[in-house]
Structure formats: structure tokens, C-alpha cells
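Peer 1: Got a sequence here, can you build the structure:
(one chain, ligands or ions: 2)
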Amino acid sequence: MELWPGIWPVLLLLFLLLLFLLPTLWFCSPSAKYFFKMAFYNGWILFLAVLAIPVCAVRGRNVENMKILRLMLLHIKYLYGIRVEVRGAHHFPPSQPYVVVSNHQSSLDLLGMMEVLPGRCVPIAKRELLWAGSAGLACWLAGVIFIDRKRTGDAISVMSEVAQTLLTQDVRVWVFPEGTRNHNGSMLPFKRGAFHLAVQAQVPIVPIVMSSYQDFYCKKERRFTSAGFLKTSPLDPPPCHHLSLRDPPLAPWTDISSRRNESPPKRLHGSSLDPMILLDSKLQAAGKKRLMEAIPLSHNFSSSSPSKSSLLVPSKGVSTFTCTHLH
Ligand SMILES: CCCCC/C=C\C/C=C\CCCCCCCC(=O)SCCNC(=O)CCNC(=O)[C@H](O)C(C)(C)COP(=O)(O)OP(=O)(O)OC[C@H]1O[C@@H](n2cnc3c(N)ncnc32)[C@H](O)[C@@H]1OP(=O)(O)O
Ligand SMILES: CCCCCCCC/C=C\CCCCCCCC(=O)OC[C@@H](O)COP(=O)(O)O
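Peer 2: Numbers count the residues shown, from 1 in each chain. Ligands and ions are numbered 1, 2, ... in the order given. As a prediction, the model looks like this:
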């Protein structure tokens, strides 16, 4: 007598089991919900990248492809119930190269990043991302700059080449100066590459703050709820005249920390479609001031060849920024 019912009934049974198990886990286990959400997030990006690759490949490796990726990624906030509001975008210099520095909490930063990403702006990413399947290839096609963090010398060479490219090809660069994801409520000490880059290319630094995800997302606790709050805040660039990287150049940027930990506006609580990106001018000013304190001014206006003790940004090309109130 045949006991084995055949493959199809077994598959059907498994399917029904999953149909029951997945929603149960979703509703009963916050960890499972976190896992599903992150798995979908990464899976969806990998899928979108498959669609993006042929479109981008037509142009070859080109920073203009970043526009395509950006357009394809912008809807993700809706899938996750995240409302994004950007105030302060006017702080981006209108038409010149610059370096964006921003805090880095998680791969969810991509959402805030895509919301404010200026034209012809490419992020600097760890080399490992290049091997993240279709996403790596899409990033490469869009001109993302990859650095090997284990080989400082190589990373510095790449950054130095970028400094040249910044000016000759009129691009902007987005750097996470903490150098890694950090979601523990404070800022890690900044790596120096972004600041060397700005000094070598003699371009302004535009700080951007992404507020804390703590209310709706925590990797350690495996928590990713639907009601959240997220802010991305481009800050006014600090003055670039006589910018110097003298020690200690990169003190922790405490205003970013404080902004990250702000609570969401009350009206957003309990809503599943209300996380947002905001900006307020008081904190902008504080963030700008803090950045200036982190990069001490020097009055030794010297050569374009940077040295460890005195790296200077001449006023050339950045004279539109007047931040005299900081002096
Ligand atoms: C539709 C489908 C889409 C699919 C695709 C999906 C998304 C696509 C779109 C875009 C997304 C891409 C976004 C990716 C983001 C990924 C984010 C990351 O990967 S973050 C990690 C990588 N980034 C960084 O590490 C940047 C910050 N790091 C640095 O800048 C570092 O300084 C460094 C250059 C890497 C060097 O590292 P090190 O640990 O050695 O740092 P130090 O700062 O201590 O430097 C050591 C020493 O070197 C001096 N130095 C540094 N840089 C320079 C320089 N350029 N020139 C000269 N000297 C330099 C520095 O001063 C130190 O010396 P000293 O101590 O004597 O001062
Ligand atoms: C702003 C984040 C951009 C994320 C791009 C997401 C693309 C993800 C799609 C599928 C690939 C799965 C690989 C996940 C890679 C996560 C990217 C990321 O956030 O990189 C972290 C990096 O910064 C710092 O690395 P570490 O925190 O030191 O390890």
C-alpha cells in the first residue's frame, strides 16, 4: 500500500503551515517582526537593484546613475510607514563640490540619505558592500566609492584621488565619518578621512544629522515597530576660510548626539504612518558651532600641500559662506 501521498500534498501542507505560522510570529514575536522587516528590506533592495542594473549599465559607471537608484528607493519609506520631512535643504551649497558628513546608525540610513541626496553626490562605502550581490553592482554603476578599511594606506589613496575628482568632475561626496554603524546613542570619534578630503579639495563640509531610530528600531533588542520617527537635518556648512585640521580635529559631535535622541512630536505617537524627518534652526546653529569647535581655525594660510599639523582650506571657491557669528 502506498503511504507517501506525493510531493504536492506535502508542499500544500507546508504552505498552509507557513501561512499560519508567519502571521502568528509577526503578531506575537517582536523579534520575528524585526527579522521579517529587515529581511524584506534587504531582499527588496536586492530585487530593485536587479531592475536598476540594466538601466544603469546603459550609461556605464556614472554618478548620474545615482539619480536612478534614488528614484527607485524613495518609495521604501511608504512600505515601512515612514513619513519623511526635510527642512534645511537650503543649506546645501547650490552648485559646487562639497563633502557631506553624517551620523551612521543602520542600513536604514539609506532612507534618510535618499531623501536629501544632492545631485552628483556619491557615498563612500566599505569595500564589502561591493560584494553584496546586485546591490553592490548597482552601487558600483552609480559611482559609489569603495574603500578597504583594513588597508588605511589604500583607503587614503582612494580618498586622495576622490579629492581630485571632486573638483574636476564636479561631484559631491557623502561620508559617514564614524566609519561604521553606531546605534548606541552617542557618536563615535570621527575618522579623519572626510576632513582631509574637504581640506585637500578645498571644499565646504555640509553636516547632516539623522535623528535616533531608538523609538522604532533597535538592532540589539531586535525591535522594529511600525510607529517611528526619523529626522534628517542638513546643517549650514561651517565657514571654510582658514579651515584647519590641527589636533584635536575631530572631537565627538555632541550636538548630533543630542539631536539624535530627541523625542518625536506628540502628534506622531501611536500613528503607524508618521515617522518624519525634520529640522529646527536652533539645533542647526548648535551643530554648526560644534563642528567648528571640532575643526579648529587656523590663521596660518599656507600651501595646498596638506601636512598633519596644518591642513588649510583657502577661501577660494567657498566665499559664499558667511558664518561670522561663530567667530
Ligand atoms: C535601486 C537599487 C539600489 C541598490 C543599491 C542600494 C543602495 C545604493 C545607493 C547608495 C548607497 C550606498 C551607501 C553606502 C553607505 C555605506 C556606509 C559605509 O560603508 S561606512 C564605512 C566606510 N566609510 C568610512 O570608513 C569613511 C570614514 N573613514 C575614514 O574617513 C577613515 O579616515 C579612512 C580613510 C578609512 C582611514 O581609516 P582609519 O581607521 O585608519 O582612520 P583614521 O581617521 O584614524 O586615519 C588614520 C591616519 O590617516 C590619516 N588620514 C586619513 N585620511 C587621510 C587622507 N585622505 N589624507 C591624508 N591622511 C589621511 C589620518 O589623519 C590619520 O593620521 P593621524 O592619526 O596621523 O592624523
Ligand atoms: C546607508 C546604508 C546603505 C545601505 C545599502 C543597503 C543595501 C542593502 C541591500 C542588501 C545587501 C545586504 C548587505 C547589507 C549591507 C548594509 C550596508 C551598511 O549599512 O553598511 C554598513 C557600513 O556602513 C558600516 O559597516 P559596519 O557597521 O562596520 O559593518
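Peer 1: pLDDT on stretch 145-157, on average?
Peer 2: Mean pLDDT, stretch 145-157: 95.
Peer 1: ok, residues contacting it?
Peer 2: 122-127, 129-130, 139-140, 158-159, 162, 173, 179, 193, 196 (CB atoms under 8 Å, 6 or more residues apart in numbering). C-beta coordinates here come from the backbone N, C-alpha and C atoms, glycine included.
Peer 1: And the residue of the stretch 151-300 of the chain closest to ligand 1?
Peer 2: residue 193 (2.0 Å; CB to the nearest ligand atom).
Peer 1: Can you give me the separation between that residue and ligand 2?
Peer 2: Applying CB to the nearest ligand atom, to the nearest Å, the value for residue 193 to ligand 2 is 14 Å.
Peer 1: ok, for that residue, nearest residue in space, not its chain neighbours?
Peer 2: residue 159 (5.0 Å; CB to CB, 6 or more residues apart in numbering).
Peer 1: OK, contacts around the one you found?
Peer 2: So residue 159 contacts 124, 147, 193, 196, 197 (CB under 8 Å, 6+ apart).
Peer 1: Using JSON lines, lay out these together with neighbour count and secondary structure.
Peer 2: Putting those into JSON lines (neighbours: other CB atoms under 10 Å; DSSP: H, G, I helix; E, B strand; the rest coil) gives the following:
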{"residue": "124", "neighbour count": "22", "secondary structure": "strand"}
{"residue": "147", "neighbour count": "21", "secondary structure": "strand"}
{"residue": "193", "neighbour count": "22", "secondary structure": "helix"}
{"residue": "196", "neighbour count": "20", "secondary structure": "helix"}
{"residue": "197", "neighbour count": "23", "secondary structure": "helix"}
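Peer 1: Nearest to ligand 2 among those residues?
Peer 2: Taking those together and measuring to ligand 2 by CB to the nearest ligand atom, the closest member is residue 124, at 9.4 Å.
Peer 1: Return the residues of the chain in contact with ligand 1.
Peer 2: 45, 48-49, 52, 69, 72-73, 104, 110, 123-126, 129, 135, 138-139, 144, 147, 149, 152, 155-156, 159-160, 175-177, 179-180, 191-194, 196-197, 308 (CB under 6 Å from any ligand atom).
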